[in-house]
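>>> Following is a predicted model, sequence given first.
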Amino acid sequence: MAHKLSHVDQDGNARMVDVSEKTITIRTATAQSIVVFPEEVFATLASDNFLGKKGSILQTAIIAGTMAAKRTSDLIPLCHPLALSKINLEIIPGDNRLILTASVKCEGKTGVEMEALTAASVAALTVYDMCKALSHDIIISETKLMAKEGGKNVFNR
């Protein structure tokens with residue numbers, strides 16, 4: 001294997017990566033989570049325009065995902081705190097599901113993959129929280145990185 005774990009030293013100890021010698025570039029990442037509902041639950045939510053007793057399910061999830069992206073380094077121990085310049089969450093209804101896509105951007109020395117993944121994950125968890133009174137058969141699935149640019153490696157799914 002040509003690659004090795006970047007957050008583990010030669011003795012197997014966790015470490016924060018030293019990015020002081022890296023070049024500042026525009027970094028972007030997009031991640032996605034999918035929330036799958038029982039058919040009758042999704043129909044109820046869609047017929048109510050995704051409004052619940054706690055308010056707009058979609059708008060609350062967008063705010064939660066945005067807040068989460070900004071707090072990623074507080075949640076993931078070895079992540080660098082980053083000054084994010086853009087966070088965008090989009091939620092698209094599908095076949096008994098919501099597709100949550102988070103895009104994050106910054107100008108920095110390290111990527112924003114974890115911020116995008118955290119935003120998508122927390123947005124999905126927020127949807128679950130706001131809908132769990134209707135069913136506990138809601139499934140959060142397929143949280144994944146869709147794309148990243150700006151460092152040594154470019155990734156597109």
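Yep, that arrived.
>>> mind checking pLDDT for residue 2?
We have a pLDDT of 57 for residue 2.
>>> all helices for this protein, in order.
39-47, 57-70, 72-75, 113-131 (DSSP state H).
>>> now residue 21: how far from residue 110?
Distance, residue 21 to residue 110, by CB to CB, to the nearest Å: 12 Å. C-betas here are computed from N, CA, C, even on glycine.
>>> Could you check which of these two has the larger neighbour count?
Legend: neighbour count by other CB atoms under 10 Å for residue 21 and residue 110, higher for residue 110 (18 against 6).
>>> Tell me who's in contact with the more buried one.
Residues counted as contacts of residue 110 (CB atoms under 8 Å, 6 or more residues apart in numbering) are 17, 19, 22, 27, 80, 82, 151.
>>> Let me know the closest of those residues to residue 138.
Nearest to residue 138 among these, counting by CB to CB, is residue 82 at 31.0 Å.
>>> Need the pLDDT of the closest residue in space to the closest one that isn't next to it in sequence.
Leaving aside its chain neighbours, residue 82 sits nearest to residue 106 (5.1 Å; criterion: CB to CB, 6 or more residues apart in numbering). In this model, residue 106 is scored at 97, pLDDT.
>>> and if you look at residue 156?
Model confidence at residue 156, given as pLDDT, is 88.
>>> Tell me how many other residues crowd residue 44.
Using other CB under 10 Å: residue 44 sits among 15 other residues.
>>> Quick check: it touching residue 134?
Yes - using CB atoms under 8 Å, residue 44 is in contact with residue 134, at 6.6 Å.
>>> need the contact list for residue 103.
Contacts of residue 103 (CB under 8 Å, 6+ apart): 28, 29, 30, 86, 87, 88, 89, 90, 116.
>>> run the last query once more with 10 Å
28-32, 69, 86-90, 112, 115-116, 119-120, 146-147 (CB atoms under 10 Å, 6 or more residues apart in numbering).
>>> Ok, residue 100 next?
Going by CB under 10 Å, 6+ apart, residue 100 touches 31-35, 58, 61-62, 65, 89-92, 119-124, 126-127, 140, 143.
>>> again, but for residue 46
For residue 46, the contact set (CB under 10 Å, 6+ apart) comprises 37, 93, 96, 98.
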